[in-house]
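A.B. asks: Attaching a predicted model along with its sequence, questions to come.
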Amino acid sequence: MVHQRSSSSVPYESSISRDAASATVFVLPGKWDLLIRELPRNLNHFLDKVSMENLHVRSGGYFSPKLCNESASIRESVAIILPYRNRQEHLYTFLQHMHPILTRQRLEYKIYLVNQDGKDPFNRGKLINIGFTEAMKDKKWGCIIMHDVDYMPLNDNNLYTCWKNLPLVNGSINMQGPTELSSEVLLPSNQNNFKVSTVSLNEYYGWGAEDDDLAKRISYKGMHIDILDENEGLRIGKYKMLPHKEAHPAEDRLNKLEHAWSNMKKNGLNNLKYKIISKKKMRHCTLISQSISFTIPQSQFP
């Protein structure tokens, strides 16, 4: 479970009035001045502060421009999926930083925090598959965005919407432009493309190779990833990665990747199995906690 140091376990419904909500101004600054604010030492009432700064965001991390104005236009409906475990400070920073950006972009959106319970090795790909499955039970979202909790956009030039091809938006600790092949930051996909690529093999436990597996699946299905060069990446937007402990690569990752082609049709959404411990509407996100058993059929990886 996510260890909260505040009253965030209580579902939150804003008491904002319609007049106050309608005064929300959707402005896209497009400047390099969106600072990542440091967290206070005492986090006991931190989410209360974030709530006051984002009164228009409803329980479960849901927002729609129509909550402020019934005649407002919606750019796109977006589900943001965050695979997660034991990154509380990153999560608090993410929620504080992202809600203002997403609301300015006139999106109907909800943030899904998919938490892996237990002590088994982290399985990012399977968490994303679970997040997609659970999100689509709530609403037929037009766009799915896979996002890491420790990456923060630094301006509004990068819109959280789906492109014709799958755009790859990346950044680094020194805030250079997107140049690498990785879905570490965000990878938007409409639901049809998501189902076609089935996102990731469910058996990448630990760190490494799930991004390469995803790239192979996308290529296999005849889709393309738009990799931005440095100049284009800086024009559209850039990210900063928050400091974190370096993960140790999984020893069997390359063996799994070697068999990625043969496993595409039989491993993904079509054989996804998981157990939901809880699905709760928190103040600023929908928390999906589930357990993943660390079992790998030997026949899949000779």
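C.D. replies: Arrived safely.

A.B. asks: This protein: helices as residue ranges?
C.D. replies: Assignment of helices within the chain using DSSP state H yields the ranges 18-22, 46-53, 88-104, 124-138, 191-197, 210-220, 230-236, 253-258, 260-263.

A.B. asks: mean pLDDT for those helices: which is lowest?
C.D. replies: Ranked by mean pLDDT, these bottom out at helix 18-22, with a mean of 36.

A.B. asks: Strands of this protein, start to end?
C.D. replies: 62-63, 76-84, 107-117, 143-147, 151-153, 166-168, 186-189, 225-227, 239-241, 275-281, 286-291 (DSSP state E).

A.B. asks: could you say what helices and strands the third one packs with?
C.D. replies: In this structure, strand 107-117 makes packing contacts with strand 62-63, strand 76-84, helix 88-104, helix 124-138, strand 286-291, judged by 3 or more Cβ pairs under 8 Å, 6 or more residues apart in numbering; DSSP states H and E. (C-beta placed from N, C-alpha, C; glycine too.)

A.B. asks: Tell me which of the ones you listed is the most buried.
C.D. replies: strand 76-84 (a mean of 24; mean count of other Cβ atoms under 10 Å).

A.B. asks: got the angle between it and helix 124-138?
C.D. replies: 140 degrees (axes from the mean of the first three to the mean of the last three Cα atoms, to 10 degrees).

A.B. asks: Is it correct that Ser73 is in contact with Ser64?
C.D. replies: No: under the criterion of Cβ atoms under 8 Å, Ser73 is not in contact with Ser64, lying 10.8 Å apart.

A.B. asks: the more surrounded of those two?
C.D. replies: In this view Ser73 and Ser64 are compared by other Cβ atoms under 10 Å, and Ser64 has more residues nearby, 17 against 9.

A.B. asks: Could you list the low-confidence segments of the stretch 151-300 of the chain?
C.D. replies: Applying pLDDT under 70 to the stretch 151-300 of the chain flags residues 163-230, 232-237, 244, 246-268, 293-300.

A.B. asks: at 90 instead, please
C.D. replies: Low-confidence segments of the stretch 151-300 of the chain (pLDDT under 90): 151-275, 283, 290-300.

A.B. asks: For stretch 269-289, C-alpha coordinates in PDB please.
C.D. replies: C-alpha atoms of stretch 269-289 as PDB (Å, rounded to 0.1, in the frame of the first residue of the first chain):
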ATOM      1  CA  LEU A 269      -3.500  -8.000 -22.300                       C
ATOM      2  CA  ASN A 270      -4.700 -11.400 -23.600                       C
ATOM      3  CA  ASN A 271      -3.200 -13.400 -20.700                       C
ATOM      4  CA  LEU A 272      -3.200 -10.700 -18.000                       C
ATOM      5  CA  LYS A 273      -3.900 -12.100 -14.600                       C
ATOM      6  CA  TYR A 274      -3.900 -10.000 -11.400                       C
ATOM      7  CA  LYS A 275      -5.600  -9.600  -8.000                       C
ATOM      8  CA  ILE A 276      -7.000  -6.200  -7.000                       C
ATOM      9  CA  ILE A 277      -6.500  -5.500  -3.300                       C
ATOM     10  CA  SER A 278      -8.300  -2.200  -3.500                       C
ATOM     11  CA  LYS A 279      -9.400   0.500  -5.900                       C
ATOM     12  CA  LYS A 280      -9.900   3.800  -4.100                       C
ATOM     13  CA  LYS A 281     -10.600   7.400  -5.100                       C
ATOM     14  CA  MET A 282      -7.900   9.400  -3.300                       C
ATOM     15  CA  ARG A 283      -7.800  13.200  -3.200                       C
ATOM     16  CA  HIS A 284      -5.700  13.600  -6.300                       C
ATOM     17  CA  CYS A 285      -5.600  10.200  -8.000                       C
ATOM     18  CA  THR A 286      -7.300   6.900  -8.200                       C
ATOM     19  CA  LEU A 287      -5.200   4.300  -6.300                       C
ATOM     20  CA  ILE A 288      -5.200   0.800  -7.600                       C
ATOM     21  CA  SER A 289      -3.400  -1.600  -5.300                       C
END
